[in-house]
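Undergrad: Provided below for reference: sequence and predicted model.
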Amino acid sequence: MVWKITESPDQAVQFAFNGLSVGAVYALLALGFTLVYSTVWFFDLYYGAAAAMGAYGVFYLRTSETVGGSHVNNPYVSAIFALVVAGVIAWVLYEAFFIRLQSRFTHKSLYIAGGMLAGATGIYTGFVLTNPDHLHLLLSPAVGAVAAVVAGWVVNRVIRRLFSNTGRTTLLTTSVIVGSLFGACCGLLLAGAPESRLYLSWAMSCLVAGAVGVALYRSLYVYMRKRARSPLIMLVASLGVLLAITAATAIVFESAPRPLPRAFGSEPWTIWGSNIKGFNIFTIGVAIAGFLGLLFLLKRTSLGRTIRAIGDDEEVAKVVGINTTVVIAIVFFIGAVFAAAAGLLSGHDTAIQPRMGLLLMLKGWIASVVGGMGNLYGAVVGGFALGMVEQFGIWDLAGEWKDVISFVILILFLSFWPRGLLPRG
Amino acid sequence: MSDVEEQDGQPAITREDNGSAGAEGNVLEDSFILEMVNVSVRYGAVSALEDACLGVRRGEVVAVMGPNGAGKSTVLKGLMGLAPVVAGQVYWRGERLTSATHEIVKHGIAFVPQGRRLFTHLTIEENLEMGCPYLRDRPEVRRRMDSVMELFPVLHQKRRDLASQMSGGQQQMLALGRGLMANPELLLLDEPTLGLAPNIVKEVFQTVALISERLGTTIMVVEHNIKGVLDIVDRAYILDTGRVVFEGTPASVRETNILAEVFLGKVQRADPDEP
Amino acid sequence: MSTDSGGGGSLIRAAREPGVFMRLARGNLELWANLVVITWAVVFAIWQGSGFAITLGTVFAIWAILAVSLNLVVGFTGLLSVGHIGFFGIGAYTVAILTSNAQYEQLRTEAIPTFGWPFFAALPVGIVLAGLTAIAVGVVFNRFRDDIFVLVSFGFAVICFNVFLNSRALTRGAFGIHEIAKPEIGSVAFGSEVAFLILALVFLAVVVLISWLIVSSSFGRVLTAIREDERATEVFGYQVTHFKLTVWVISAMMAAAAGGLFASWTTFIDPNSFILLESILLVSIVILGGLATIWGSILGAMAFVLLEEGMRFLPFLPDEYVGQARQVILGVLLVLLMLFRPQGLLGRYKL
Amino acid sequence: ADEPTPTPTAAPTATPTPLPPFKIGVMESLTGPGETYGTVSNQAKQMAVDEINAAGGINGRMIELIVEDSKCSAQDAITAYRKLTDVDGVKIILGTSCSGAMLGAAPLAEDDGIVLFSGLATNPDIAEAGDYIFRTAMSDAQLGIDTGNVLWADGIRTLATITEATDYAEGVRRSSVAQFEKLGGEVVGAERYPSDIVDFRSQLTKLFNANPDALHIAAQAEFSGGTIIKQARELGFDGPIYSEVVPIGATALEVAGEAATGVKAITADLDPANQKAQEVLRNFRETYDYVTLPWYLGSAYDDVYITAECLKQTGDDQDADGFRDCLYEITWSGAIGNNFSFDDKGEVVGLSNVVVEVLPVAERTEDNQGYKVLGGAPTQ
Amino acid sequence: MSIRTESDGERFALETIEVAKHFGGVHAVDGLSIAIPRGKITCVVGPNGSGKSTLINLLSGMLPLDGGVVIVDGVRLRAVKPHETPGLGITRTFQDVRLFDQISVWDNIMVVLTERRLLPALLERGKSRQRERTEQILRSVGMWEKRRSLAMDLSYGQRKLLEIGRAMALNVNTYLFDEPFAGLFPQMLERVKDLMRQLRNDGRTLLFISHNMDIVRELSDHLIVMDSGKLLTEGDAEEVLAQPEVIEAYLGV
Ligand SMILES: Nc1ncnc2c1ncn2[C@@H]1O[C@H](COP(=O)(O)OP(=O)(O)OP(=O)(O)O)[C@@H](O)[C@H]1O
Ligand SMILES: Nc1ncnc2c1ncn2[C@@H]1O[C@H](COP(=O)(O)OP(=O)(O)OP(=O)(O)O)[C@@H](O)[C@H]1O
Ligand SMILES: [Mg+2]
Ligand SMILES: [Mg+2]
């Protein structure tokens, strides 16, 4: 191999670039996969569907720029996702506020208020989904509101830190004013920036894929996990989910592959005589950022500690007072977002097809196993390693054996290093 | 390893917030703070608990004993909402307890399950912190952790190690300590001495007694080590095949030799004359 | 007092001896499942005429052989293999290559040597070949369990597909092999559909018999023990690897027999019949019918064929959605099954 | 079994006629690997039938299609075939869309004396499948010869090929390369890929390392064709790219974008210069709101008209032999070309290929389908 | 790779010479040399984590030896293969009870009684001798009533009893019990004790781990005390338990 590399360094560099580009997607997949796996200890194949959904979400929202896209927008699809989002919001509101407000208001008024809020969010989502051409306008209030809340909270925090003697009213008014100003600015900026639709569609499809993940977990997996005796039950059940979603995607969008609209950075750059797209570099960056973010979350935050605790023993976690349902829902959300991000990035890079879910998931699965199940470092290493091996592996072999190579590597690997490159603690 | 003994003087562990609880406690002095009324638990076709009535008074240490498969663990799991209760109610301070498991903890009930189940990939410190995962007040968390570590100095020595790297006894201490971190009013212990070396068993019993004495924590403990446990409890329940067959003081347990009876009854049923 | 008696496919049930009420409840459900599927099959056959029913019968027999053989591995031994289609393919391809006598054109397609063997000479070769492959694969796979086994068996399916597709000098790759011989014994040719159906049913019967012998013996009990705790089984003196390998090889050989039948029945095969999705469908059938029950697998195969072909008769479904809708239904069915009856319709063992 | 059963695809007949409709079976890959073609082909047939029925049918009798899914697999083709023949009593079957399915059903059809008439199956083996087996899809042979000639004439001497591992694409490559090598060209790199992959960069990297004069793409799916073009350019390859019809379909061009500009293809289908073809295409787009250009639509459409013509002659949908004889004699002009007919193997003859070149994105319109016709393929 | 030696095969059923096992940096068993007298009940005690379970795991082949030799009936073994242990006359129970969860209590016992070889196993269908033995075992551990339940539906103690029964079902020379008394109700203890004595009276060798000193005193003919993977002391139970270092390391004051 070394000899081959010295013999034709150009090709080697090109292979390396290719490997990095695919590896980044695999790494993203593996990260989410590992996170979910090491929390709930089963292979959630919905993960594959989430990847496909992320990609198709962008397709759905950007149809005006793809061939004949106006036809894709389907009221039923929008309605279904609106419902899912409404359901998830309703549940989130319930978990977040119901117990706390129980004592102050009647159950009925709480249910009504929550239901209305959830319904409104659902309708809003449906509305956004049916009018993807004005994504930036439609979403600007939402983004503005979120920005306002975040800014208000930050200001509140900062003031409290710096001037601990500030009065409650001044504190509140300042943070509300600053927050709403900031939010309004953000909203306005967004409304005036139609080119932001690309990123908004990314965010939107990631969120929707995440919401579906949460909905699945809450409405199915929770009950199943209560009875399940082995991870295989969950595996088979989520296989059912994957089959159904893949087929449904094929019904709605037809099974032919589709292109995603061009994002950016599609011009190749030449480095050391080899070409790599700017977009691929962006993908690599996203993978690394995702890794760092996840690492921070797990190792530095109390939520992360809770997640790790649930991974160790869920029942005991419940016993010590962790609302495991909520925390696992968050994990599923994060996992699905990672999958969706990987799906849409690879979709922009190559193309999308309903079956892509299964294929990407297998790759993510392999990468995380090779890297070492349950270890974030392992996931990243495994992802990039798999990408590289796939490229360099066919140097002497015909390219049609690519899939065989990755599985043979996997099997060899598991035979000799059953716990992966970087096993979990 | 006998750290508690080595300490001279009293452990500096005290209960801070017993002001309000104390006032209330007087009212409820004689009634149960936790009560199970006619609770039945069924696993599929297996009836693990039938019409069980048990209760604990404030500050009491109560033992639950009985043969294997009598349903002792099921009692605790039923209280914590971890077992399928098909009939009956659980009352906490006179109010029905219907919350989900993680909410029950916030009422001040902590449960240390059978078999030293820890978060093996977390360090000891993190494990302890998990005892009160939703407590935002960092100084308070530190304070409680300090007091637990004072109770079990070995935890302090190893506080950065992973929980999986400790011996069984140390793990049991950690599990106990984690239960204490919730600063519970009621502590439910399921066979805390299972598989522990004699010196540690002693230590665990002493600790249980100590917790009850110093903190006024109410404790319900499931035990097979009858000799050990009868020394520290105020009252005992005896279960057999899912029913409460006896309730009384340790003395009466010893006197009536009830345990032997319970057991012999079971032996007869287990003999050849079966359907 | 014997606790280990009981007849026919109910032996496993008898061996486990559930309580009276449990037995009643479960018996009822089984009864209903049996009744529904069989009635459906009969009604279907009468409604659609015998010709079509015979074709479906053959398809059913082939799937049933596969399902029964896979259940030995998945249900009894606890190895969730998604790679069974590979052995099916090996059987099919061996029979195809050995019996095909077509003249292939070199220029535009791949030419491969043709042998023109009779079916019954080729089939044993296919079975043995699958067995040998199974030994090789099994030796490697023996160390894997649970999820990881699923993953590597995925890999096996993918590798097999790629070998069928890319070993062009042997399999003609995507061109496929045609003119595969129909079985003949002496002067009796199984050319007609009915004769072929009978042959397939005979094969099914043999496979069921062998499986029954296996699972009702001590060997079968050891398999279930392995499924539950491999290491502990080992400590009681069983060469676990050998047991696993044996059942794996037997199961692979059965699948290869099904493959041989399949090739001969369709007279044409190409790699598309051996894709991963088929394997997933097969696993679904086994789980649907019930783990660790032979009759369940047969019933599952029947239900699957009826579901699949029955959807041709759904009036309200646009044609282009039929296949996808089938997949959706199958998916939803799997989810519901795992939710309410993880052991499958007739199963004993929960995954 | 001759009872008319309710079927999913009763033709939307406008006026109730006293005469029963002609029942024609259709087997297409509505699902499975070939579903892209199968679905479109099915829709094209339905469109043609609707047109015929709207115009009053054949001598006052309507046509009714009974559609079955053959899933691109031999097994399913057999069950679909059995269903059509046993349950619906059909003697004339249009389809299938996949060669594999075709080869599975062909022996049965040949035995039973039932006509199988496909618009899509291109596997050369089908030529030998029997007397009752016809197709309007050209076998890959002629296409290959033309491609080889074009390559040579364009001054290509070293060639790299990338081929989808399907019978169609592989057939195209084999015949093209054979002709190219016969003329003295050299193939310096050959790669294949399985149908479901989306990333060709590693294969392409390998190919380009051999410094070929040109790249030849033989794809079965438009998407992979387009993606290969795109990725080839992204990897910095600036030599000419040749292909057959698939990689210049609308989806492929959309995927490839500007990268496709200048790609040359050798194609027979839906010639932009052919009036009939353009009309069919326009109608199809209107009827089905279809987003991409299906290159196989024409032959499916023509199949129905040829069938109608033969039914008009025989007047009986149960007369398979008469229908077969009609097919052997017919000469037809339709969407895929003028004056084509069937030879004694049931293969279509008389279609010819043209060479086209893809236009820059700015110049691509629905009408020109994104490319301009350069002319007929050069002969040796 | 077994060499017949002239060591005390008659007197000792099982010997270890300098066996070692380490997990990462932890020396769970650290050059341990012990001998287990034939036909007696030997007890191993020691603080938690002193390597007792690991020792049993090594003797039963569940873990590969990192060093040292195990001598079974005078046969020196450098590696013990788990499936060979019944052949060597060894069986065991697990500290973390390991049953065949999804098969019935009945079959849990049947499994260990049947044929070990592949082909005969294929032909064998539950013999009446095996069934009788199973029934006898189930009755003796008080699990007869529960014979139809799945093993996973049992309580902790019941599982423990079943596991003890399963080990006793095997007719071998040496039984290794890992904390058989933990989690058992006192009167059930008596029964298990009786069973163990019975085995001893049949001339079997027993080794058990326990933290219950009453039982240790009552039952054991020979006592081995381990501490951090090493042999602390061994000998007669009463004497050993009176030694100050044992008291300090293990019993507590
Ligand atoms: N998950 C379960 N499914 C079915 N039956 C169960 C389950 N868990 C416990 N049981 C049954 O319920 C009864 C009571 O079990 P429990 O665990 O409460 O006993 P226990 O008194 O704690 O016994 P031990 O002292 O052995 O721990 C037993 O007969 C047991 O078989
Ligand atoms: N699989 C393993 N991996 C890593 N360390 C292990 C493993 N098994 C045991 N150990 C370590 O080896 C040491 C000895 O463990 P062992 O289980 O033999 O103790 P023990 O004497 O049985 O203790 P106890 O009385 O608590 O059961 C302990 O420190 C333990 O943490
Ligand atoms: Mg218990
Ligand atoms: Mg131990």
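TA: Sure, I can see it. A quick note: this is a predicted structure, and the numbers were derived from the prediction, not measured. Ligands and ions are numbered 1, 2, ... in the order given.

Undergrad: the residue of the stretch 51-200 of chain D found nearest ligand 1: which element?
TA: Closest residue of the stretch 51-200 of chain D to ligand 1, C-beta to the nearest ligand atom: residue D:196 (43.6 Å). To be clear about C-beta, it is placed using only N, CA and C from the backbone, and glycine gets the same treatment. Counting by DSSP states H and E, no helix or strand carries residue D:196.

Undergrad: how about residue B:49, secondary structure?
TA: Secondary structure, DSSP: H, G, I helix; E, B strand; the rest coil: residue B:49 is strand.

Undergrad: how close does it get to residue D:288?
TA: 65 Å (C-beta to C-beta, to the nearest Å).

Undergrad: state the next helix or strand along the chain beyond the longest helix anywhere in chain D.
TA: Ranked by residue count and defined by DSSP state H, the top helix of chain D is helix D:35-54. Once helix D:35-54 ends, the next helix or strand along the chain (criterion: DSSP H and E) is strand D:63-69.

Undergrad: which regions of the stretch 151-253 of chain E lie under the pLDDT threshold?
TA: Residue ranges of the stretch 151-253 of chain E with pLDDT under 70: E:253.

Undergrad: same question but for the stretch 1-150 of chain E, I mixed them up
TA: E:1-9.

Undergrad: what does it put close to ligand 2?
TA: Within the stretch 1-150 of chain E, the residues that sit near ligand 2 (C-beta under 6 Å from any ligand atom) are E:23, E:26, E:28, E:46, E:48, E:49, E:50, E:51, E:52, E:53, E:54, E:95.

Undergrad: thinking again about what came up before, CA-only coordinates of the longest helix of chain D, as CSV, when you get a sec.
TA: Provided in CSV are the C-alpha atoms of helix D:35-54 (Å, rounded to 0.1, in the frame of the first residue of the first chain):
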residue,chain,number,x,y,z
GLU,D,35,-40.2,0.5,-10.8
THR,D,36,-39.1,3.8,-12.3
TYR,D,37,-39.5,2.4,-15.8
GLY,D,38,-42.4,0.2,-14.9
THR,D,39,-44.5,2.9,-13.5
VAL,D,40,-43.9,5.3,-16.4
SER,D,41,-44.4,2.6,-18.9
ASN,D,42,-47.7,1.6,-17.3
GLN,D,43,-48.8,5.2,-17.3
ALA,D,44,-47.9,5.6,-21.0
LYS,D,45,-49.9,2.5,-21.8
GLN,D,46,-52.8,3.8,-19.9
MET,D,47,-52.6,7.1,-21.7
ALA,D,48,-52.6,5.4,-25.1
VAL,D,49,-55.6,3.2,-24.1
ASP,D,50,-57.5,6.3,-22.9
GLU,D,51,-56.8,8.0,-26.2
ILE,D,52,-58.0,5.0,-28.2
ASN,D,53,-61.1,4.5,-26.0
ALA,D,54,-61.9,8.2,-26.2
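
Undergrad: mind listing what's buried in that helix?
TA: D:35-53 (16 or more other C-beta atoms under 10 Å in any protein chain shown).

Undergrad: now swap in stretch C:222-239 and tell me
TA: C:222-230, C:232-239.

Undergrad: pick out the residue of the stretch 101-250 of chain D closest to ligand 3.
TA: residue D:196 (52.1 Å; C-beta to the ion).

Undergrad: okay, now that residue: neighbour count?
TA: Residues near residue D:196, counting by other C-beta atoms under 10 Å in any protein chain shown, number 17.

Undergrad: look up phi and psi at it.
TA: When read as degrees, to the nearest 10, the backbone of residue D:196 gives phi -100, psi 10.

Undergrad: can you list the low-confidence ranges for the stretch 51-200 of chain A?
TA: The stretch 51-200 of chain A contains residues with pLDDT under 70 at A:63-71.

Undergrad: which residue would be the closest one in it to ligand 4?
TA: Closest point on the stretch 51-200 of chain A to ligand 4, by C-beta to the ion, is residue A:95, at 41.1 Å.

Undergrad: could you find the closest non-adjacent residue to that residue?
TA: residue A:326 (5.3 Å; C-beta to C-beta, 6 or more residues apart in numbering or on different chains).

Undergrad: longest single helix anywhere in the chain?
TA: Since no chain was named, I'll use chain A. helix A:9-40.

Undergrad: wrong one, I was asking about chain E
TA: helix E:186-201.

Undergrad: what comes up buried for that one?
TA: Under 16+ other C-beta under 10 Å, the buried positions of helix E:186-201 are E:186, E:187, E:188, E:189, E:191, E:192, E:193, E:195, E:196, E:199, E:200.

Undergrad: how many residues are close by residue E:82?
TA: For residue E:82, using other C-beta under 10 Å, the count is 25.

Undergrad: and for residue E:78?
TA: Number of residues near residue E:78 (other C-beta under 10 Å) recorded here: 13.

Undergrad: correct me, but it touches residue E:67?
TA: No - the criterion here is C-beta atoms under 8 Å, and residue E:78 misses it with residue E:67 at 9.2 Å.

Undergrad: list residues touching both of these two?
TA: Contact with both residue E:78 and residue E:67 is made by no residue, according to C-beta atoms under 8 Å, 6 or more residues apart in numbering or on different chains.

Undergrad: quick revisit: quick one: which of residue B:49 and residue D:288 has more around it?
TA: Set side by side, residue B:49 and residue D:288 show more neighbours around residue B:49, with 29 against 17, by other C-beta under 10 Å.

Undergrad: run a quick neighbour tally on the residue nearest to that one when sequence neighbours are not counted.
TA: Of all residues not flanking residue B:49 in the chain, residue B:41 sits nearest, at 4.0 Å (C-beta to C-beta, 6+ apart). Using other C-beta under 10 Å, residue B:41 is surrounded by 22 other residues.

Undergrad: what's near enough to touch the closest residue to chain A within the stretch 1-150 of chain B?
TA: Residue nearest to chain A within the stretch 1-150 of chain B: residue B:105 (3.1 Å; C-beta to the nearest C-beta). Counting by C-beta under 8 Å, 6+ apart, residue B:105 touches A:319, A:320, A:321, B:182, B:184.

Undergrad: and residue A:10, by the same measure?
TA: Per C-beta under 8 Å, 6+ apart, neighbours of residue A:10: A:272, A:273, A:274, D:209.

Undergrad: and residue 95, how many neighbours?
TA: With no chain named, the answer covers chain A. 14.

Undergrad: nope, chain C please
TA: Residue C:95: 33 neighbours (other C-beta under 10 Å).

Undergrad: just to check, it is in contact with residue C:124?
TA: No - Residue C:95 lies out of contact with residue C:124 (C-beta under 8 Å); the separation is 10.0 Å.

Undergrad: closest to the centroid, which residue in the chain?
TA: Since you didn't name a chain, this refers to chain A. residue A:337 (1.3 Å; C-alpha atoms, centre = their mean).

Undergrad: not quite, go with chain E.
TA: Most central in chain E (C-alpha atoms, centre = their mean) works out to residue E:176, at 1.2 Å.

Undergrad: tell me the spacing between residue E:17 and residue E:206.
TA: From residue E:17 to residue E:206 the distance is 21 Å (C-beta to C-beta).

Undergrad: now swap in residue C:113 and tell me
TA: 67 Å.

Undergrad: compare the two (neighbour count), which wins?
TA: residue E:206 (24 against 9).

Undergrad: please, which helix or strand holds that one?
TA: If you go by DSSP H and E, residue E:206 is part of strand E:205-209.

Undergrad: what pairs with that strand, parallel or antiparallel?
TA: Using DSSP bridges, the strands paired with strand E:205-209 are strand E:41-45 (parallel), strand E:174-177 (parallel).

Undergrad: near ligand 4, anything from the first one?
TA: Pointing back at strand E:41-45 there. No - using C-beta under 5 Å from the ion, strand E:41-45 never reaches ligand 4; the gap is at least 9.6 Å.

Undergrad: reformat the contacts of residue A:10 as TSV; add distance to residue C:47 and pLDDT.
TA: TSV is the format used below for the contacts of residue A:10 (distance: C-beta to C-beta, whole Å; pLDDT from 0 to 100):
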residue	distance to residue C:47	pLDDT
A:272	70	78
A:273	69	74
A:274	64	77
D:209	62	85
